[in-house]
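Asker: Here is my input; please provide its structure:
(2 chains)
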Amino acid sequence: IVGVFFFHLSTHETPPVNQNISTILAAPSSDLSSILSDRVTSRWFLLRWISRRTNSNHISTATISAMPPPAASSRYPSPSQPSGKSEVTDLKSQLRQLAGSRAPGVDDSKRDLFKKVISYMTIGIDVSSVFGEMVMCSATSDIVLKKMCYLYVGNYAKGNPDLSLLTINFLQRDCKDEDPMIRGLALRSLCSLRVPNLVEYLLGPLGSGLKDNNSYVRTIAVTGVLKLYHISASTCIDAEFPATLKSLMLHDSDAQVVANCLAALQEIWSLEASHSEEACREKESLLSKPLIYYFLNRIKEFNEWAQCLILELAVKYVPSDSNDIFDIMNLLEDRLQHANGAVVLATVKVFLQLTLSMTDVHQQVYERIKSPLLTLVSSGSPEQSYAILSHLHLLVVRAPFIFASDYKHFYCQYNEPSYVKKLKLEMLTAIANESNTYEIVTELCEYAANVDIEIARESIRAVGKIALQQYDVNAIVDRLLQFLEMEKDYVTAETLVLVKDLLRKHPQWSHDCISVVGGISSKNIQEPKAKAALIWMLGEYAQDMSDAPYILENLIENWEEEHSAEVRLHLLTAAMKCFFKRAPETQKALGIALAAGIADFHQDVHDRALFYYRVLQYDVHVAERVVSPPQQAVSAFADTQSSEIKDRIFDEFNSLSVIYQKPSYIFTDKEHRGPFEFSDELGSTSITPEVSSDIVPAQQFEANDKDLLLSTDEKDDNKGLSSNNGSAYTAPYESSNISSQMQELAISGPAASATTTQSSFDFDDLLGLGLSTAPAPTPSPPLLKLNARAALDPRAFQQKWRQLPISLSQEYSVNPQGIAALTVPQSLIKHMQSHSIHCIASGGQSPNFKFFFFAQKEAEPLDYLTECIINSSSAKAQIKVKADEQSTSQAFATVFETALSKFGMP
Amino acid sequence: MMISQFFVLSQRGDNIVFRDYRAEVPKGSTETFFRKVKFWKEDGNAEAPPIFNVDGVNYFHVKVVGLYFVATTRVNVSPSLVLELLQRIARVIKDYLGVLNEDSFRKNFVLVYELLDEVIDFGYVQTTSTEVLKSYVFNEPILIAPARLQPIDPAAIFTQGAKRMPGTAVTKSVVANDPSGRRREEIFVDIIEKISVTFSSSGYILTSEIDGTIQMKSYLFGNPEIRLALNEDLNIGRGGASVYDYRSSSGSGVILDDCNFHESVRLDSFDSDRTLSLVPPDGEFPVMNYRMTQEFKPPFHVNTLIEEAGRLKAEVIIKIRAEFPSDVVANTITIQMPLPNYTSRASFELELGATGQKTDFKETSKMLEWSFKKIVGGAEHTLRAKLTFSQEFHGNITKEAGPVSMTFTIPMYNVSKLQVKYLQIAKNSTSQNPYRWVRYVTQANSYVARI
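Answerer: Okay, here's the model as predicted:
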């Protein structure tokens, strides 16, 4: 019957039919609370009570809000379907008959009925009315029945206080059952009810569950503590469960109990850390050497999933010396041969992070992990391959030379899904170098004829990208031009765009390209991007293409039919350029174009046409200098992703950041970035790669995050680009010249720097090199005194930032006055300065600001480095502190917070 | 590392199983997921990637036998972990149900819920070992006939056709008893090799790779330790610079580029005598995965010719030769070739007396298809196809057609020469000797000949 029912459900999609037939207990709440206050010991009393109510067939209008699984909301039976009403009534009476029966075989009949109930529940029929009967029937030792009953009560108790009360009673009793399976299951169901005002009933069962002599029960109890924490954190903390978990974690003989303790404690302490110092310390203590070794030494006792948990923890560990590093690596070496990709990737992350500061070993790690990762790519399902391949992609882009000889592994197979092919094409593009370009491009050209048009396009783009990367483009240009001869629309379109880019970088190839491009009929090109590219070439190389003016004229005559504004803009510019070179032939067409352009409804097109018109009126030679200046070859096209972003993604290896190719702050809200992340990855500016920071002109600080964070091989990436590429932070220097001067002065001491203060605007204030006129106010109730005259040059800062571990990361709220005052970074810099916290670099614009501060302990040369990210729309500040003296970093954070809290106050 | 929800959807988007572990993801996630997957791109061509983010919720899915196994989370988790988990859940469920499909799911959803509760608690993975789960899971599966079996994993190919395979074995649940009431003590070891070869237009091998798995499924009583001996001349890792070094390697023998092992495998004596020892857990699992780029003889040689034959006509000739011994038989062979998209008609001409072959021209996708029930080792077959075009072609016709791709299965044959020399079961000789099945199979993964 059930099967047939399903069939109907899946084939009919009809508007929702209200099929809520719930008969629920519309009991006055006083009834219930009195029952509860008795601490009900007699379940039977309750049950009788239920059946009495239901017998009276009291139909309530209230609906039960906790619907079963979303089947309920997604699929509705068609009107021709039974609403389930009569079935449920049927079930109810059948269940009641069985409830008291002790006949042999009765459990089997019960099982069948229970199954029916649950199947109704799954497909969204409300069966809450049989609650009482279900509970009655499950007074049995049959564990299958018990389990079904738990599934059922868990579903209906959640949103309904009346039912949950009954349920708790029933479950509490089962938590004391003889059978450990039943104890465990009941405890799990009890903790999963998520009813906030009933948490006190969890404490007893949880406490004894944690002490149970059966490991299955303990495993469940540990997770139960975490569930309790999420329902009511204070209840959980007050009951001192975290301390109990910690001791279990260190002493329990069962690996899964230990693993669950670790998971639970990580989650609890990370969430607590924002407001409790103790939790902060506890969180740190998970990363202590003895504990890390305790886990790593017995890692093989854990199952593969718990191993991942431990490896994630180990990533955060800061080794004491290189022996420490090698010990860990030797210990984990065989994890790289694990068949589970998650274990391997977690191990790889440990290896990569441990060796960041050891360049040669780091490179050896790349060599070592290559083979296991390739094996995983080819042994799993396409989905698993994709996850691994995304990580390989990241590594390939970071260190292409290491993978240069493995290019054949990244050739596409014809039956791979397109998401895999795309990744592979990008990887092939990245690793192309002098020695393998010929083979790679040959292979890519094969894909250009692929049946999958999207992949064909991507392949052509890949060829183009390689051409732009390479110095020797000779062979590639020929291939590109051959694409044009294939006479497939999309191939031609993609190729034209590439040829245009290529000519912008290598104008010397214009001769070869133009002769081929000239032969293309513009009628065959429909895609705006390709059309624009062709028009650009017609304008740019008008003198080399004999019929350029006439092709343009043709296109201009069809102005009205041209839907893309981009194409019309290009038409205007090309007509202008052509006019400067071949005036007599173009004059007429230009006139038509300008007239049409000025009448255009599109604002940009209109503006450009008007501008051209006026500048031509003003002076034709000026117009030529503006519109068609002598062309300069583009040396490099802007990278779409800043190296800061790339480094962030690398730091978040083995996470979704790698899949999305975005740092986590872009796609997750804060509280979900993962408790085991230990929140030191939280902070980041949202200076997006496309947006350039333009708040303080001419105050560029060359040392962007790329240098502050770690990078292995991309130092030269940005050299050719303008310093305005978005990742450059402004610093309180007027120019880089002065900045280097200032650095020297800073080293030589405050006395010397005082002289510079006269020459430029108040640097002293900004940099804290000299003493500002006002005596530095003593930092408020200071546990820690800071040196008001502290000095640190950016280079030393960077070095320190790289070397020191993060000792603290926290989030504060910024008061509204502070937000109001934070129109430009400078305001905060000055403010913090007055609290002896000095800014070394700042950047960003509303709503995101990022600062690097440093401070020095009074009378001791101990520095505190701070990264502070303020989001003015959420009024939150995230800070990361790195300190020479770890023990006082909390004290420093307090000073910092106090200082920040006064920002904007009169 | 926690997930928020797990659910299974049918191909049509119906909810088959749904479990919410952490109540963090808003309602309607199943619809959101299904809509996104179904309409990933407007043109509907590109497949949705296995992981995507909608409104801050990350959706992970794997497709198994046409069903979507989905997990959601808001946390920045390890993607491999979740995908691996989904795959493993599918495997555990299959171990229990014997056959994995929509029908068996529907019939056993209570059991499936029971499994899910033990596999994941509050979003954290507890165990995915069928062995461990057996002590917590009590529902008995309602078995369905494996008639409608779709392959979930490579081992399923053994159920296709080949008579010497005890086909029902792989569809046997780990917990259910035989109808006869007694359980047979047996163990299956399958050596499954998927091969990828790309031939250049002139017939040279451009790339070739073997991706192999030694898969095990044990129905032994009392979990005895077993020893699995592989070729003694087996080498791992090619010391050379490039793994794509096609010159015949100086030392003969089987050279694997790399391999990995199931966690139960102990490698104590692997270095000295190439034996793996393990106590096989219940259920199906890969003992070892390996990858090999060493040169091997491709089982099929493909020769394709396309020639213009007048203004609106062309002729295609495809020749295949089976390059394996005559006592080996390949089955379910399909050859596909995309034709120029202005092809309007294709007429086929097979050899005289050809049997068990089928030809087809798929009008919409412009695909030529040629399929065989079986091909005996050493045999050679030719197909001639006359194409009619709806418009005149220009340029190079070879750029408009191909490449030719091939799928096949060759039971009891493996190209790598990797072998299980013996399978030893450490067992008190009280009971009768368990059945041991060691089976080999070669499958085409991506077998492509360019023209």
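Asker: In the stretch 351-451 of chain B, which residue sits closest to chain A?
Answerer: Closest residue of the stretch 351-451 of chain B to chain A, CB to the nearest CB: B:S446 (3.3 Å). Just so you know, the C-beta spots here come from the backbone N, C-alpha and C atoms, and that holds for glycine as well.
Asker: Quick check, that residue in contact with A:Y411.
Answerer: No. B:S446 is beyond contact range of A:Y411, at 9.4 Å (criterion: CB atoms under 8 Å).
Asker: Quickly list what's touching both of those two.
Answerer: B:T198 (CB atoms under 8 Å, 6 or more residues apart in numbering or on different chains).
Asker: Run through the stretch 51-200 of chain A and note the low-pLDDT ranges.
Answerer: Residues of the stretch 51-200 of chain A meeting the criterion pLDDT under 70: A:51-84, A:158-159.
Asker: and with 90 instead?
Answerer: Within the stretch 51-200 of chain A, the set of residues satisfying pLDDT under 90 comprises A:51-173, A:177, A:189-200.
Asker: Spell out which residues of the stretch 351-451 of chain B are next to chain A.
Answerer: B:365, B:394-395, B:399-400, B:402-403, B:405, B:445-446, B:448, B:450 (CB under 8 Å from any CB of the partner chain).
Asker: how about the helix or strand hosting the residue of the stretch 351-451 of chain B closest to chain A: buried residues?
Answerer: Taking DSSP states H and E as the criterion, B:S446 maps to strand B:435-449. Neighbour-count burial for strand B:435-449, counted by 16 or more other CB atoms under 10 Å in any protein chain shown, picks out B:436-449.
Asker: Could you name the helices and strands sitting against it?
Answerer: If contacts are counted by 3 or more CB pairs under 8 Å, 6 or more residues apart in numbering or on different chains; DSSP states H and E, strand B:435-449 sits against strand B:186-199, strand B:300-308, strand B:404-411, strand B:420-425.
Asker: Which pLDDT value goes with B:T275?
Answerer: The per-residue pLDDT reported for B:T275 equals 91.
Asker: same check, this time on A:M427
Answerer: 94.
Asker: that older thread, please name the residues that touch the residue of the stretch 351-451 of chain B closest to chain A.
Answerer: A:413-416, B:196-198, B:405.
Asker: what about 7 Å?
Answerer: B:S446 sits next to A:413-415, B:196 when contact means CB atoms under 7 Å, 6 or more residues apart in numbering or on different chains.
Asker: shouldn't A:L804 be in contact with A:K882?
Answerer: Yes. Here A:L804 reaches A:K882: they are 3.9 Å apart, a contact under CB atoms under 7 Å.
Asker: Outline the domain layout of the chain.
Answerer: In the absence of a named chain, chain A is used. Annotated domains of chain A cover A:521-630, A:786-902 [the TED database].
Asker: nope, chain B please
Answerer: Domain segmentation of chain B under the TED database yields B:5-134, B:186-239+B:252-296+B:413-449, B:300-411.
Asker: Show me what the longest helix anywhere in chain B packs onto, helices and strands only.
Answerer: Longest helix in chain B by number of residues (criterion: DSSP state H): helix B:79-97. Secondary-structure packing of helix B:79-97 (3 or more CB pairs under 7 Å, 6 or more residues apart in numbering or on different chains; DSSP states H and E): helix A:341-354, helix A:382-398, strand B:57-64, strand B:67-73, helix B:109-119, helix B:130-133, strand B:283-292.
Asker: Just the C-alphas of stretch A:560-569, formatted as CSV.
Answerer: Provided in CSV are the C-alpha atoms of stretch A:560-569 (Å, rounded to 0.1, in the frame of the first residue of the first chain):
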residue,chain,number,x,y,z
GLU,A,560,19.3,50.3,-34.9
GLU,A,561,19.6,46.6,-35.0
GLU,A,562,22.7,46.5,-32.8
HIS,A,563,21.4,45.6,-29.3
SER,A,564,24.6,45.5,-27.4
ALA,A,565,25.7,48.9,-25.9
GLU,A,566,29.2,47.5,-25.7
VAL,A,567,29.3,47.0,-29.5
ARG,A,568,27.8,50.5,-30.2
LEU,A,569,30.5,52.1,-27.9
